[in-house]
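Peer 1: Here is a sequence together with a model predicted from it:
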Amino acid sequence: MGKLSSSSPPLRTERVARDATGGPTAAQYGGKSGAPPPPAAAALAPGRWRFVDLPLNETLFRCFVYGQAPYAERLRLELRVPERRWWRIKVRGLAQLRDWPALWLFYNSARRPPLSAAAFAEAAIANGAPAEAARYAPRMPPAEAVPLLLQCGEASAARAIALANKDKNPELLRRVSAHLGAAP
């Protein structure tokens with residue numbers, strides 16, 4: 001059989017922004033930076049955002065970052081994005097926005113989320129919120145929760161979990177002790 005070819009053109013989107021007068025922005029005239037402005041500036045700029053020549057994952061991510069979650073949802077349904085990929089992209093986008101209450105609600109929205117609590121915690125840590133990452137530790141197995149809590153700087157909570165599980169997993173208590181520089 002020959003090559004499969006798509007009759008539809010590739011997904012093309014473009015960024016359309018307008019300044020306060022409704023005209024094109026400086027970036028559209030070859031301004032200093034052709035990259036989209038940071039999310040705070042995007043929220044202030046009137047107009048719509050569309051993205052050109054980006055992979056689908058990056059387009060969905062940027063929809064979240066620029067506050068276009070309904071468009072991301074529509075793209076997900078139209079292009080049949082797998083649920084696990086969708087969750088990973090949405091977690092990354094909500095963490096980038098630092099919308100911690102929305103991230104927590106998203107985690108609790110499904111009876112059994114397709115991603116583990118560790119993925120949510122890693123996204124929070126990657127965006128500089130270790131206290132928020134520690135919120136997910138009680139929903140993780142002890143072998144994952146203790147290193148996470150140590151990474152977040154919550155050694156007392158990590159020690160409590162390690163002590164509670166010292167019979168099943170003595171390595172956890174050794175790990176906490178090594179982190180604290182003390183004997184068990």
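Peer 2: That came through, no problem.
Peer 1: And the contacts of the longest helix along the chain?
Peer 2: Counting residues, the longest helix found in the chain (DSSP state H) is helix 83-97. With contact meaning C-beta atoms under 8 Å, 6 or more residues apart in numbering, helix 83-97 is reached by 39, 57, 60-61, 63-65, 72, 76, 81, 102-103, 106, 113-115, 119-120, 123-124, 126-127, 129. Backbone N, C-alpha and C define where each C-beta goes, glycine included.
Peer 1: If we use 7 Å, what do you get?
Peer 2: Contact with helix 83-97 is made by 39, 57, 60-61, 64-65, 76, 102-103, 106, 113-115, 119-120, 123-124, 126-127, as judged by C-beta atoms under 7 Å, 6 or more residues apart in numbering.
Peer 1: out of these, which are inside helices?
Peer 2: Per DSSP H, helices hold the following members of these: 39, 57, 60-61, 64-65, 76, 102-103, 106, 119-120, 123-124, 126.
Peer 1: ChimeraX command for the buried members of those residues?
Peer 2: Buried residues among those (16 or more other C-beta atoms under 10 Å), as a ChimeraX selection:
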select :39,60,61,64,65,76,102,103,106,119,120,123,124
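Peer 1: Out of the ones in helices among the contacts of helix 83-97, flag the one nearest to residue 143.
Peer 2: Set against residue 143, the nearest of those by C-beta to C-beta is residue 119 (15.9 Å).
Peer 1: From residue 136, how far off is the nearest residue to that closest one once chain neighbours are set aside?
Peer 2: Among residues not flanking residue 119 along the chain, residue 91 sits closest, at 6.0 Å (C-beta to C-beta, 6 or more residues apart in numbering). Applying C-beta to C-beta, to the nearest Å, the value for residue 91 to residue 136 is 11 Å.
Peer 1: between the two, who's got more neighbours?
Peer 2: More crowded of residue 91 and residue 136, by other C-beta atoms under 10 Å: residue 136, with 24 against 21.
Peer 1: ok, the more buried one touching residue 120?
Peer 2: Yes: at 5.2 Å, residue 136 counts as touching residue 120 under the criterion of C-beta atoms under 7 Å.
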